[in-house]
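Student: with the sequence up front, the predicted model follows.
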Amino acid sequence: MNKKNITIALTGLCNVDNPASGMAFIKCIKRSDIFNAKIIGLVYDNMEPGIYFKDLVDEVYLVPDPLKDKGSVYDRIKEIHIKEKIDVLFPHLDAEMKEYINNADRFAGIGIRSFMPTFEQFEERQKENLPEFGEEYGIRVPLSQTISNIEDFRDLKSGLDYPVVVKSKHYVTGVADNFDMAKALALRLEKSWGGPIIIQQYIKGDEFCIAALGDGHGNLMASVTLKKLFYNEKGKIWFAKAVKDKRLTDLAERIIRGTSWRGAMEIELILTPENEIFVYEINPRIPAWIYYAAELGQNIPEELVKLALDMPVTPMTDYLTDKIYVRFTNDMVIESDDFRKLEKDRYL
């Protein structure tokens, strides 16, 4: 079978203790029987480790951070496109996605395809909107409160009590057992990411993640569920096991169907000892553990590329459960010139 030559540009090459999904996405595409992909890495600085995996990333370019340089992302991508002839573009960071979504039609106008949620889909699953999302689609979610003033922590709404989970729109920092701990965590988040801060009810139980893919017409095209066995203080998985639970697959299908979701999503949930399901987060992109799903038989990034290119896609309904997911750290030694090279590519 002759593979289709394509050029894929993507972000999310920071693969540290809070890994983005870009590197796992690339590994999935590299194992594809359909695509022969040239990978263009889009990074914010020269300290994203994925830059230096030269067997996975073919070219690297600096791009503006949408949170700091709004409005300049399209122009920079257009510059890169003139040189590289990008076929498909995939952002992998929640904080940047809105800018890429807003420019999706402009990208399409110069020949760059993508397959991302709509602006409305992206917004309605935001952490601060999750209670309304749950009510709209019949999903149980933890009680939560949006905080704009740090002192408001002293007046938690009825039903909320410590411990609580402290989050920003883009990042979770941890569990707080009292006001002073919550305030310290919130100040740290606010300094790094801005407001608002979301306080969420702490639910006891086993944690699960679902990687799901929607075709934009309400159809579930792929779904893999794993149970977290061990994770770090940031909630990032280090050991996990694939499971099959019809209730959780039905949950993913209900969300995809109800929202007519366009693209990939990660559903994070807790199953309590009483067998109650609480969805505590919905991420608008593939998870960083997605290579595990490909090893189990569902190469979701490959299907996502096919959707972006209007190629036929058949729903994937089965996967293996006899493999364990293990994440590990790795050491690299690189040439100083490689580290400095991106500085010469400054575009501002």
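Tutor: Noted; the coordinates are in hand.
Student: cross-check the contact I'm expecting between residue 162 and residue 178.
Tutor: Yes. Using CB atoms under 8 Å, residue 162 is in contact with residue 178, at 5.6 Å. C-beta coordinates here come from the backbone N, C-alpha and C atoms, glycine included.
Student: just to confirm, which helix or strand has residue 224 in it?
Tutor: strand 220-231 (DSSP states H and E).
Student: for that strand, which strands pair with it and how are they oriented?
Tutor: strand 206-215 (antiparallel), strand 237-243 (antiparallel) (DSSP bridges).
Student: per-residue confidence averaged over it?
Tutor: The average pLDDT for strand 220-231 rounds to 95.
Student: give me the distance from it to the chain's centre.
Tutor: Here strand 220-231 is found 13 Å from its chain centre; the criterion is CA atoms, centre = their mean, to the nearest Å.
Student: cool, and stretch 325-339?
Tutor: 22 Å.
Student: hang on, the earlier thing: buried ones in the strand holding residue 224?
Tutor: 220, 221, 222, 223, 224, 225, 226, 227, 228 (16 or more other CB atoms under 10 Å).
Student: ok, what's across the strand from the third one?
Tutor: Spelled out, it's residue 222. residue 213.
Student: OK, contacts around it?
Tutor: Residues in contact with residue 222, defined by CB atoms under 8 Å, 6 or more residues apart in numbering, are 211, 212, 213, 293, 298, 300, 303, 315, 316.
Student: now swap in the last one and tell me
Tutor: Neighbour list for residue 228: 206, 207, 208, 209, 237, 239, 240 [criterion: CB under 8 Å, 6+ apart].
Student: would you show me how to pick out the buried ones of these in ChimeraX?
Tutor: Of the contacts of residue 228, the buried ones can be selected in ChimeraX as follows, counting by 16+ other CB under 10 Å:
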select :207,208,209,237,240
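Student: number of residues surrounding the closest residue to residue 138 other than its chain neighbours?
Tutor: Spatial nearest neighbour of residue 138, excluding adjacent residues (CB to CB, 6 or more residues apart in numbering): residue 254 at 7.0 Å. Residue 254 has 14 neighbouring residues, counting by other CB atoms under 10 Å.
Student: got the contact list for residue 254?
Tutor: 137, 138, 139.
Student: all helices for the stretch 101-250 of the chain, in order.
Tutor: 104-109, 119-124, 130-137, 179-193, 246-259 (DSSP state H, counting those that start in this stretch).
Student: pull out the buried residues from the third one.
Tutor: Neighbour-count burial for helix 130-137, counted by 16+ other CB under 10 Å, picks out 130, 131, 133, 134, 137.
Student: what's the farthest-apart pair in those residues?
Tutor: 131 and 137 (11.6 Å; CB to CB).
Student: so residue 86 sits against residue 112, correct?
Tutor: Yes. Taking CB under 8 Å as the definition, residue 86 is a contact partner of residue 112 at 5.0 Å.
Student: shared neighbours of the two, anything?
Tutor: Counting by CB under 8 Å, 6+ apart, the residues touching both residue 86 and residue 112 are 9, 77.
Student: about what we covered before: would a markdown table of the contacts of residue 228 with pLDDT and distance to residue 185 be doable?
Tutor: Shown next, in a markdown table, are these (pLDDT from 0 to 100; distance: CB to CB, whole Å):
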| residue | pLDDT | distance to residue 185 |
| --- | --- | --- |
| 206 | 96 | 24 |
| 207 | 96 | 19 |
| 208 | 97 | 24 |
| 209 | 97 | 23 |
| 237 | 87 | 21 |
| 239 | 93 | 25 |
| 240 | 96 | 25 |
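Student: state the distance from residue 275 to residue 139.
Tutor: Counting by CB to CB, to the nearest Å, the gap from residue 275 to residue 139 is 15 Å.
Student: comparing the two, which residue is more hemmed in?
Tutor: Shown here are residue 275 and residue 139; by other CB under 10 Å, residue 139 has more neighbours (19 against 8).
Student: just the buried ones from the contacts of residue 222?
Tutor: Taking 16+ other CB under 10 Å as the criterion, what is buried in those is 211, 212, 213, 293, 298, 300, 303, 316.
Student: okay, the residue nearest to residue 138: pLDDT?
Tutor: 97.
Student: picking up where we left off before, ok, the buried residues of helix 130-137 vs residue 57, which is closest?
Tutor: Nearest member of the buried residues of helix 130-137 to residue 57, counting by CB to CB, is residue 130, at 34.2 Å.
Student: now that closest one. Nearest residue, chain neighbours left out?
Tutor: Closest to residue 130 by CB to CB, 6+ apart is residue 141, at 5.1 Å.
Student: could you chop the chain up by domain?
Tutor: Annotated domains of the chain cover 4-114+331-345, 144-201, 204-326 [automatic domain parsing].
Student: nearest to residue 124, out of those domains?
Tutor: Using CB to CB, the domains of the chain put domain 204-326 closest to residue 124, at 7.4 Å.
Student: quick one: that closest one to chain centroid distance?
Tutor: With CA atoms, centre = their mean, you get 11 Å for domain 204-326.
Student: now do stretch 107-117
Tutor: 18 Å.
Student: what's it in contact with?
Tutor: 9, 74, 77-78, 81, 85-91, 97, 100-101, 104, 122, 216, 261-263, 265, 284, 304, 307-309.
Student: only the buried subset of these, as a PyMOL command please.
Tutor: Under the burial definition 16+ other CB under 10 Å, those of the contacts of stretch 107-117 that qualify are selected in PyMOL by:
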select buried, resi 9+74+77+78+81+86+87+88+89+90+91+97+100+101+104+122+216+261+262+263+265+284+304+307+308
